[in-house]
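Trainee: Here is my input; please provide its structure:
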Amino acid sequence: MVSMMPLAELLGVELSAAAPAEVVGHMAWSPQRCTSGGLLHGGAVMALADTTGAVCAFLNLPAGAVTSTIESKTNFFRGVRDGAVHATSLPLHVGRTTIVVQTDVRDDADKRVALVTQTQAVIVAG
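Mentor: Presented below is the predicted three-dimensional model:
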């Protein structure tokens, strides 16, 4: 599924589990994904969360529908200077017109890096 998202593929996002109830993925720290000072860029963290959240939403769509992020809120808790970040996305609401997903992003020590809540539109071709 990551291969369908060129940015996620470019950033090295990998999925280790993908089911409607939970999507798990990770992305390694890399100097190319950092701000000054060697901290993993918040945009890279958000891209990981948006990727796993989008896959979670996609897996909860009705047949023939597609999805697009219409809102995303991120709270950052700590920086990452090495290792990897690990994202777990869970559906909070699966409705007729929207799907709300929450993604918990943690570092290798299992400390919370960010918590992301996104709303995905359910788009039915018609």
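
Trainee: Longest helix of this structure, counting residues only.
Mentor: Looking across the chain with DSSP state H, the single longest helix is helix 42-59.

Trainee: I'd like the next helix or strand past that one.
Mentor: strand 65-76 (DSSP states H and E).

Trainee: buried set for that next one?
Mentor: Using 16 or more other C-beta atoms under 10 Å as the test for burial, strand 65-76 gives 65, 67, 72, 74. Where C-beta positions appear, they are placed from N, C-alpha and C, glycine not excepted.

Trainee: before we move on, back to that, run through the neighbouring helices and strands of the longest helix of the chain.
Mentor: If you count contacts as 3 or more C-beta pairs under 8 Å, 6 or more residues apart in numbering; DSSP states H and E, helix 42-59 packs onto helix 6-11, strand 14-19, strand 22-28, strand 65-76, strand 84-94, strand 98-106, strand 112-124.

Trainee: can we see that at 6 Å?
Mentor: strand 22-28, strand 65-76, strand 84-94, strand 98-106, strand 112-124 (3 or more C-beta pairs under 6 Å, 6 or more residues apart in numbering; DSSP states H and E).

Trainee: what residue is smack in the middle of the chain?
Mentor: residue 49 (1.9 Å; C-alpha atoms, centre = their mean).

Trainee: my read: that residue touches residue 86, true?
Mentor: No - look at residue 49 against residue 86 with C-beta atoms under 6 Å: they stay out of range, at 10.8 Å.

Trainee: Mutual contacts of the two, please.
Mentor: Counting by C-beta atoms under 6 Å, 6 or more residues apart in numbering, no residue touches both residue 49 and residue 86.

Trainee: Off-centre distance for stretch 104-120?
Mentor: Centre-to-centre, stretch 104-120 and its host chain are 9 Å apart (C-alpha atoms, centre = their mean, to the nearest Å).

Trainee: Start and end of it, how far apart?
Mentor: 17 Å (C-alpha to C-alpha, to the nearest Å).

Trainee: same deal with stretch 6-24?
Mentor: End-to-end for stretch 6-24, by C-alpha to C-alpha: 18 Å.

Trainee: going forward can the numbers begin at 16, since that is how I track them
Mentor: Sure thing, new numbering starts at 16, so read that last one as stretch 21-39.

Trainee: for it, which positions count as buried?
Mentor: Within stretch 21-39, the residues that qualify as buried are 23, 26, 27, 28, 29, 30, 33, 38, 39, counting by 16+ other C-beta under 10 Å.
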